[in-house]
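Chemist: What shape does this take:
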Amino acid sequence: MLPGHSSPAAGFEAPFEMLATCHERVERMLTLQARLQQHLLDKGCDEPARQAARDVMRYFDIAAPLHHEDEELHVFPPLQAGPDAALRDLVARLIQDHRQMELAWAGARRTLATIADSAVSGVLPLTPAQIGALNQFAAMYRQHLDSENGLIYPAAQATLSPADLEAMSQDMMQRRGVTSRK
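Modeler: Below you'll find the model as predicted:
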């Protein structure tokens, strides 16, 4: 059986903790996607496989675009404006990664939708192209997360004032329709 996922608690009042929590969720979804591929080989397409495909699609359809927007609105700009040329170059690459991951997601999503919408139980072999789409998407995301976690988030967090963090928090909540607990 492919169990769903649980979500660690982090509030928007602490925006970098929320961003880190999103990265943990991305990792869990990529792991679920890999387990799904193995499940299809071991047990075939069944309701747990279809549900896992739906869970991965829901996350990357809804939460991931909001997360990328958070970064592009609040995390990347202070580094783009800063004095460190290496960080500016890395930010430019990460923005390009977002566009490439959107394209890669389209291919991965088609594969997941095939699984989620399958009315047939049992063997549902994935084509080499479908496997490649899922694996390419996961590899791109993991490399991207490493750069953000290791360099970008610490550097951005060090540059943002408490007022910047509050504005970031408020914007993240507003774009998601969440009200402040303050």
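
Chemist: Tell me how far the longest helix seen in the chain lies from the chain's centre.
Modeler: In the chain, with assignment by DSSP state H, the single longest helix is helix 85-116. Relative to its parent chain, helix 85-116 has a centroid offset of 9 Å by Cα atoms, centre = their mean, to the nearest Å.

Chemist: Next secondary structure after it?
Modeler: Using DSSP states H and E, the helix or strand that directly follows helix 85-116 along the chain is helix 128-147.

Chemist: Can you name every helix or strand that the longest helix of the chain contacts?
Modeler: Secondary-structure packing of helix 85-116 (3 or more Cβ pairs under 8 Å, 6 or more residues apart in numbering; DSSP states H and E): helix 15-42, helix 47-58, helix 64-70, helix 76-80, helix 128-147. All C-beta atoms are positioned from the backbone trio N, CA, C, and that covers glycine.

Chemist: elements contacting the second one?
Modeler: Of the remaining helices and strands, those touching helix 47-58 by 3+ Cβ pairs under 8 Å, 6+ apart are helix 15-42, helix 85-116.

Chemist: Determine which of those helices approaches A138 most closely.
Modeler: Proximity to A138 (Cβ to Cβ) singles out helix 15-42 among the helices and strands packed on helix 47-58, at 4.7 Å.

Chemist: Could you pull up the mean pLDDT of that closest one?
Modeler: Mean pLDDT, computed over helix 15-42, is 95.

Chemist: Buried ones in that helix, by neighbour count?
Modeler: For helix 15-42, the neighbour count (16 or more other Cβ atoms under 10 Å) marks 15-16, 18-23, 25-26, 28-30, 32-33, 36-37, 39-40 as buried.

Chemist: try stretch 101-111
Modeler: M101, A104, W105, G107, A108, R109, T111.

Chemist: Would you reformat the helices and strands packed on helix 85-116 as a markdown table and include distance to D164?
Modeler: Putting the helices and strands packed on helix 85-116 into a markdown table (distance: least, Cβ to Cβ, whole Å) gives the following:
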| stretch | distance to D164 |
| --- | --- |
| helix 15-42 | 10 |
| helix 47-58 | 31 |
| helix 64-70 | 13 |
| helix 76-80 | 8 |
| helix 128-147 | 22 |
